[in-house]
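Student: here is my input; please provide its structure:
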Amino acid sequence: MNKTITIFGSSLPSEGSDQYELSYELGKKLALNGFNICTGGYKGIMEAASRGAYDNGGMIYAVTIDLWNSQPNPFITIEVRGKTLFERVEKLIELGDAYVILQGGTGTFLEFAAVWEYANKNLQKKKPIYYHSWLWKQIVDLMNKQMLLEGRDANLVRNFNSVDELIDRLKKDFNL
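Tutor: Numbers count the residues shown, from 1 in each chain. From the prediction side, this is the model:
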């Protein structure tokens, strides 16, 4: 059974932007390396990752809700509907065997904080958590200082600089 990588990120980037293209490349290379992906199912980074996987034969899960009166993107294999924002976040976490956090705003921050807290409090088995972007690096550096002050593990989330680097690390994480 293929491992599923849940990807979190902004709904705002459009085709041609650096963030959209990075996300497309991520979805593509995950699919080509035998991973499934899971996203929130709408536009921006979610669409780009889904499209990259879809164009390359990947399995794409999308967890959507009726909150925004938006239509899911067309690059989805299986849609899972949630009733509330928190139910959606829980389902995104549940479906993932690993998590990738790309550029985003408060919604992505909520999702990042949730997966990090699950790891911090051992609320599920250990799952790899990777982030990309200058924004998350600043937040992680700041939070890791606090984690160390509290005597907690400051190595729960890891940065990656390129899609190829991330794919290599995920393969190692899952002994593939």
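Student: all helices for the protein, in order.
Tutor: Chain-ordered helices for the chain, with DSSP state H as the definition, fall at 18-32, 45-54, 85-95, 106-120, 134-149, 163-173.
Student: so what's V89 up against?
Tutor: Contacts for V89 (C-beta atoms under 8 Å, 6 or more residues apart in numbering) come out as L110, E111, A114. (C-beta placed from N, C-alpha, C; glycine too.)
Student: the last one and K91: what is the separation?
Tutor: According to C-beta to C-beta, to the nearest Å, A114 and K91 sit 11 Å apart.
Student: next one: the second one
Tutor: According to C-beta to C-beta, E111 and K91 sit 11 Å apart.
Student: what about stretch 146-166, how long is it end to end?
Tutor: 26 Å (C-alpha to C-alpha, to the nearest Å).
Student: point out the most buried one among the helices of the chain.
Tutor: Comparing the helices of the chain by mean neighbour count (mean count of other C-beta atoms under 10 Å), helix 45-54 ranks first with a mean of 29.
Student: avg pLDDT for it?
Tutor: Mean pLDDT, helix 45-54: 98.
Student: so what touches that helix?
Tutor: Around helix 45-54, the neighbours that count as contacts under C-beta under 8 Å, 6+ apart are 7-11, 13, 15, 19-31, 36-37, 39-41, 58-60, 62, 73, 75-77, 102-104.
Student: now the angle from it to helix 18-32?
Tutor: With axes from the mean of the first three to the mean of the last three C-alpha atoms, to 10 degrees as the basis, helix 45-54 and helix 18-32 are set at 30 degrees to each other.
Student: taking their axis directions, helix 45-54 and helix 163-173 sit at what angle?
Tutor: Counting by the same axes, to 10 degrees, helix 45-54 lies at 70 degrees to helix 163-173.
Student: with just CA atoms, put helix 45-54 into PDB.
Tutor: What follows is helix 45-54, C-alpha atoms only, in PDB (Å, rounded to 0.1, in the frame of the first residue of the first chain):
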ATOM      1  CA  ILE A  45      -1.000  25.000  -3.700                       C
ATOM      2  CA  MET A  46      -3.700  22.300  -3.200                       C
ATOM      3  CA  GLU A  47      -4.600  22.400  -6.900                       C
ATOM      4  CA  ALA A  48      -1.000  22.500  -8.000                       C
ATOM      5  CA  ALA A  49       0.100  19.500  -6.000                       C
ATOM      6  CA  SER A  50      -3.100  17.600  -7.000                       C
ATOM      7  CA  ARG A  51      -2.500  18.400 -10.600                       C
ATOM      8  CA  GLY A  52       1.100  17.400 -10.500                       C
ATOM      9  CA  ALA A  53       0.200  14.000  -9.100                       C
ATOM     10  CA  TYR A  54      -2.900  13.600 -11.400                       C
END
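Student: that's all I had, so thanks and see you.
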